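**Q** Need a 3D model of the following:
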Amino acid sequence: MTCVAAGALVVAALAVVSAQAPRQVSLVVANGIVVTVDGSNRILNPGSVAVDGGNIVAVDRPENIRRQFRARETIDAAGQVVMPGLVNTHTHAPMVLFRGLADDLALEEWLTKYIFPAESKTVSPDFVRAGTRLAALEMIESGTTTFTDMYYFEEEIAKETKAAGLRGVLGETVIQFPVADAKTPAEGLARTEAFIKAFENDSLITPAVAPHAIYTNDTPTLKAARELSVRYHVPTLIHVAETQAEAMTARERGFPTVVSYLESLGFLGPGVVAAHAVWVNDADMAMLKARGVGVSHNPESNMKLASGIAPVKAYLAADVAVGLGTDGAASNNDLDMFEAMRTASFLAKVATSDPTAVSASTALRLATIGGARVLGMEKQIGSLEPGKRADLIIVSMSAARQSPMYDPVSHLVYVTRGDDVQTTIVNGKVLMRNKRVLTLDRAAVLRESKSWAAKVSAAVGR
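**A** From the prediction side, this is the model:
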């Protein structure tokens, strides 16, 4: 054999070895019960997820992942569920500091007599920062990895969200009357535009425009808010048809429903997230579908405020994009998306007298890939698939109420709670490991919240 031929054989052999060498990745979550929520609803038991940087690179059997990848960090999830992080499509994060301030009231009375006055006396950048840290702590501990927000000083919410490591679709509120960060709608729109520019192309923050509702904004303001969203290609967040009183506002403006009124303004379209959407008819649902509007279903808030029951079964039949939200903790009173899943399923069953109306599998999809679809992010998040962002959680199945387990999806929806979450990962970064939050000082956040509770009580005379 010539030297040239021998050299060629050595090169070929090295190439084979190189091709078979495991790929270096940043993280492997190994040996869990992997509930993918992909298009086939695959469950791998056991399964592993390989992550490199911020992306999922493989979801497969543990032996295949071990053969193909070498991880700098491995998390053993044996006996636990590995699933997509939960997507909360509607909340008001800083309002955790008003948790329990005013209960057992209808929405209009709750807002006008308690919440709006409390906000006028207490909301500030410091309030918003403290409230966001508390909300972020609660969401990380209960498995939410993406949340959709509508509040004031949204740039401060964005900074705290990034610091905590969460993903956020965050809308600066535009409202007709003077509020903490804007005295006029024009000022609110200017603040919103500055916020959008500050967080364009951010890896975790998607800025949005958030006109509060039709009953708190006039027609020119609603049009201007939507035009701003379209100009910058960002989402529009708005409360839609939450109560019968809101539906009456639409009739006073000459339209039979809130949806028909918004359609007359040219408001509806892709990127619009309609929170609640309770008081709608068949024509409204067809219009929401045709315009590509996403609906955020908030069952617990709607029940607590006696606002009504959204027609979720009909939305799903019409293929309207539907996700779940908690609403703010002042009207829920927590940010636990596991509770939202269970409540959404039970409420749809009793509302339609159909036990199949929202199955466990459907409820899980509403809280994950369904929410991602509402936000126009279904190609990035919402399921465990190669190429998507590495937003995932590990959920313990060791509690007495979780034993025995025949179907992990049933358990996730019907018996699991937020405090069963052990580990939370966003964009490939571990935010909580084995119940220990790594991106926030838990004790300091809780101390700060108690300090603010005293200030709120003093301000409102409680």
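**Q** what stretches of this protein score poorly on pLDDT?
**A** Scanning the chain for pLDDT under 70 picks out 1-19.
**Q** Outline the domain layout of it.
**A** 25-84+387-437, 86-374 (automatic domain parsing).
**Q** then stretch 336-343 to PDB, C-alphas only?
**A** Extracted as PDB, the C-alpha positions of stretch 336-343 are listed here (Å, rounded to 0.1, in the frame of the first residue of the first chain):
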ATOM      1  CA  ASP A 336     -51.400  29.600  38.600                       C
ATOM      2  CA  MET A 337     -51.900  28.400  35.100                       C
ATOM      3  CA  PHE A 338     -52.600  24.800  36.200                       C
ATOM      4  CA  GLU A 339     -55.700  26.100  38.000                       C
ATOM      5  CA  ALA A 340     -56.600  28.000  34.800                       C
ATOM      6  CA  MET A 341     -56.400  24.700  32.800                       C
ATOM      7  CA  ARG A 342     -58.500  22.800  35.300                       C
ATOM      8  CA  THR A 343     -61.100  25.600  35.600                       C
END
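**Q** re earlier: most packed of the domains of the chain?
**A** Among the domains of the chain, domain 86-374 has the highest mean neighbour count (mean count of other CB atoms under 10 Å), at a mean of 21. To be clear about C-beta, it is placed using only N, CA and C from the backbone, and glycine gets the same treatment.
**Q** Assign residue 315 to helix, strand or coil.
**A** Three-state assignment for residue 315 (DSSP: H, G, I helix; E, B strand; the rest coil): helix.
**Q** With adjacent residues omitted, what lies nearest to it?
**A** Closest residue in space to residue 315, ignoring its immediate chain neighbours: residue 322 at 4.9 Å, by CB to CB, 6 or more residues apart in numbering.
**Q** name the helices or strands packed onto the helix or strand where that neighbour lies?
**A** Here residue 322 sits within strand 321-324, counting by DSSP states H and E. Judged by 3 or more CB pairs under 8 Å, 6 or more residues apart in numbering; DSSP states H and E, the packing partners of strand 321-324 are strand 86-91, strand 294-297, helix 312-317, helix 337-352, helix 360-366, helix 369-374.
**Q** I'd like the ones you listed written out as JSON lines, with distance to residue 213 added.
**A** What follows is these, written out as JSON lines (distance: least, CB to CB, whole Å):
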{"stretch": "strand 86-91", "distance to residue 213": "12"}
{"stretch": "strand 294-297", "distance to residue 213": "13"}
{"stretch": "helix 312-317", "distance to residue 213": "20"}
{"stretch": "helix 337-352", "distance to residue 213": "21"}
{"stretch": "helix 360-366", "distance to residue 213": "23"}
{"stretch": "helix 369-374", "distance to residue 213": "18"}
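**Q** For residue 29, find the nearest of the ones you listed.
**A** For residue 29, the closest of the helices and strands packed on strand 321-324 is strand 86-91, at 16.4 Å, according to CB to CB.
**Q** just to revisit the earlier point, distance check, the residue nearest to residue 315 against residue 328.
**A** 20 Å (CB to CB, to the nearest Å).
**Q** Tabulate the domains of the chain in CSV, adding columns for distance to residue 446.
**A** Shown next, in CSV, are the domains of the chain (distance: least, CB to CB, whole Å):
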stretch, distance to residue 446
domain 25-84+387-437, 11
domain 86-374, 8
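**Q** Of the ones you listed, which is nearest residue 458?
**A** Proximity to residue 458 (CB to CB) singles out domain 86-374 among the domains of the chain, at 9.3 Å.
**Q** tell me how far that closest one is from the chain's mean position?
**A** Its chain's C-alpha centre and that of domain 86-374 lie 10 Å apart, by CA atoms, centre = their mean, to the nearest Å.
**Q** And that domain, end to end?
**A** End-to-end span of domain 86-374 (CA to CA, to the nearest Å): 13 Å.
**Q** cool, and stretch 132-151?
**A** 11 Å.
**Q** Kindly report the same for stretch 229-243.
**A** By CA to CA, the extent of stretch 229-243 from end to end equals 25 Å.
**Q** who's in contact with residue 145?
**A** 84-87, 139, 166-167, 381, 391-393, 424-426 (CB atoms under 8 Å, 6 or more residues apart in numbering).
**Q** coming back round to it: I'd like to know which of the domains of the chain is closest to residue 447.
**A** Closest approach to residue 447 among the domains of the chain (CB to CB): domain 86-374, 10.2 Å.
**Q** what's near enough to touch the closest residue to residue 151 other than its chain neighbours?
**A** Using CB to CB, 6+ apart and skipping residues adjacent in sequence, the residue nearest residue 151 is residue 92, 5.0 Å away. Going by CB under 8 Å, 6+ apart, residue 92 touches 149-151, 327-328, 330.
**Q** roughly how far apart are residue 92 and residue 298?
**A** Residue 92 sits 11 Å away from residue 298, going by CB to CB.
**Q** which residues do these two both contact?
**A** Listed as contacting both residue 92 and residue 298 by CB under 8 Å, 6+ apart are residue 327.
**Q** For the helix or strand encompassing residue 172, C-alpha coordinates in CSV please.
**A** Element membership of residue 172 [criterion: DSSP H and E] is strand 167-174. Only the C-alpha atoms of strand 167-174 are listed here, as CSV (Å, rounded to 0.1, in the frame of the first residue of the first chain):
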residue,chain,number,x,y,z
ARG,A,167,-40.5,35.8,28.2
GLY,A,168,-43.1,38.6,28.0
VAL,A,169,-45.5,40.1,25.5
LEU,A,170,-45.9,43.4,27.3
GLY,A,171,-48.4,46.2,26.4
GLU,A,172,-48.2,49.8,27.5
THR,A,173,-51.8,50.7,28.5
VAL,A,174,-53.6,53.5,26.6
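**Q** Quick one: list the elements packing against the following helix or strand past it.
**A** Downstream of strand 167-174, the next assigned helix or strand under DSSP H and E is helix 185-198. Using 3+ CB pairs under 8 Å, 6+ apart, the elements in contact with helix 185-198 are helix 154-164, strand 167-174, strand 205-211, helix 219-232.
**Q** Compute the inter-axis angle for the last one and strand 167-174.
**A** Taking axes from the mean of the first three to the mean of the last three CA atoms, to 10 degrees, one finds that helix 219-232 is oriented at 150 degrees with respect to strand 167-174.
**Q** Between helix 185-198 and helix 219-232, find me the angle.
**A** Helix 219-232 and helix 185-198 are oriented at 10 degrees to each other (the same axes, to 10 degrees).
**Q** Then the third one?
**A** In terms of direction (the same axes, to 10 degrees), strand 205-211 departs from helix 185-198 by 170 degrees.
**Q** So which residues make contact with strand 205-211?
**A** For strand 205-211, the surrounding residues in contact (CB under 8 Å, 6+ apart) are 148, 150, 154, 158, 161-162, 167-175, 189, 192, 195-196, 198-200, 217, 221-222, 225-226, 228-229, 232, 234-238, 273, 375, 377.
**Q** what do you get for the first one?
**A** Outside helix 154-164, the residues within contact range by CB under 8 Å, 6+ apart are 93-94, 125, 128-129, 132-133, 136-137, 140, 147, 149, 151, 167-168, 170-173, 192, 194-195, 198-199, 202, 204-205, 207, 210, 431, 439-440.
**Q** Perfect, that will be all.
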